[in-house]
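[1] Need coordinates for the below:
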Amino acid sequence: MATLLFKHESWYNVLGVDIEGFQRYLLAAVVCCTPMVIGYAYLSNALNLSITGIITGSIYAGVFEEIIFRAALFGVLFRFCRWGFIPAALISSTIFGLGHIYQGHDAISAVMAVAITTIAGTWFAWLFCECGYRIWFPLWMHIFMNAAYGIFSMSGGAAGDLKGNLFKATAIILSIVYVNLLIRRGKPRQITLSTLFKKRPGFSSQHYKLATQNT
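    Coordinates of the predicted model:
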């Protein structure tokens, strides 16, 4: 099955880890997350600079979850199996969300944690598509957002709290602005009405080449 799906693609393209764009997306993520970091620093009453916590809660989580849930699971369904964006994102993001159910301390907060992380997973999937099917931008955003949340000891789990979520929203909005700047510079838009529910044959290879040439 894997041979049939990926016979025209290298493994690093399948996983979105082609090194091209690595530094550019790193810089973009730093810019997008800076207002959130400043806001969290303002709200925080304590710092958690545990190296172990940063590695496990931010770096490991960001790398592992983006490659597994976005590049591998969502990417295979959307790019190679020709599922539409909505069903592919719902499957991968719901599984991703259920993996965060432990962050709730009661039934309501558990449901909120799953819902918020499912939405976040869908946003990360969109970033993955619109950045030339390279994992770097959602991966860096994931790492920096998790790191800021942990370092500044923000409360509320995955659901967050009102003030914290307002600053988190700045990172999300700026990431959307960044993607739209890429599109204005000529990068083909990947998620359109025609790709929401089912992709036509031949879409993946043609649009992948165009997308990667313009990112």
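
[2] Am I right that residue 36 is in contact with residue 166?
    No: because the distance of 9.4 Å does not satisfy C-beta atoms under 8 Å, residue 36 is recorded as not touching residue 166. (Glycine included, C-beta is placed from N, CA and C.)

[3] Which residue of the two possesses the greater neighbour count?
    Higher neighbour count among residue 36 and residue 166: residue 36, with 23 against 13, using other C-beta atoms under 10 Å.

[4] can you tell me the helix or strand for the more buried one?
    Here residue 36 sits within helix 22-43, counting by DSSP states H and E.

[5] Can you list the buried residues in that helix?
    Using 16 or more other C-beta atoms under 10 Å as the burial criterion, the residues of helix 22-43 that qualify are 25-26, 28-29, 32-33, 35-37, 39-40, 43.

[6] same thing with stretch 44-62?
    By neighbour count, and taking 16+ other C-beta under 10 Å as the criterion, the buried residues in stretch 44-62 are 44, 54, 57-58, 61-62.

[7] ok, of these, which one's closest to residue 86?
    For these, the minimum distance to residue 86 (C-beta to C-beta) is 24.3 Å, reached by residue 62.

[8] Just to check, that closest one is in contact with residue 142?
    Yes: Residue 62 lies in contact with residue 142 (C-beta under 8 Å); the separation is 3.9 Å.

[9] would JSON lines of the buried residues of helix 22-43 with pLDDT be doable?
    Formatted as JSON lines, the buried residues of helix 22-43 follow (pLDDT from 0 to 100):
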{"residue": "25", "pLDDT": "97"}
{"residue": "26", "pLDDT": "97"}
{"residue": "28", "pLDDT": "98"}
{"residue": "29", "pLDDT": "98"}
{"residue": "32", "pLDDT": "98"}
{"residue": "33", "pLDDT": "98"}
{"residue": "35", "pLDDT": "97"}
{"residue": "36", "pLDDT": "96"}
{"residue": "37", "pLDDT": "96"}
{"residue": "39", "pLDDT": "95"}
{"residue": "40", "pLDDT": "94"}
{"residue": "43", "pLDDT": "92"}
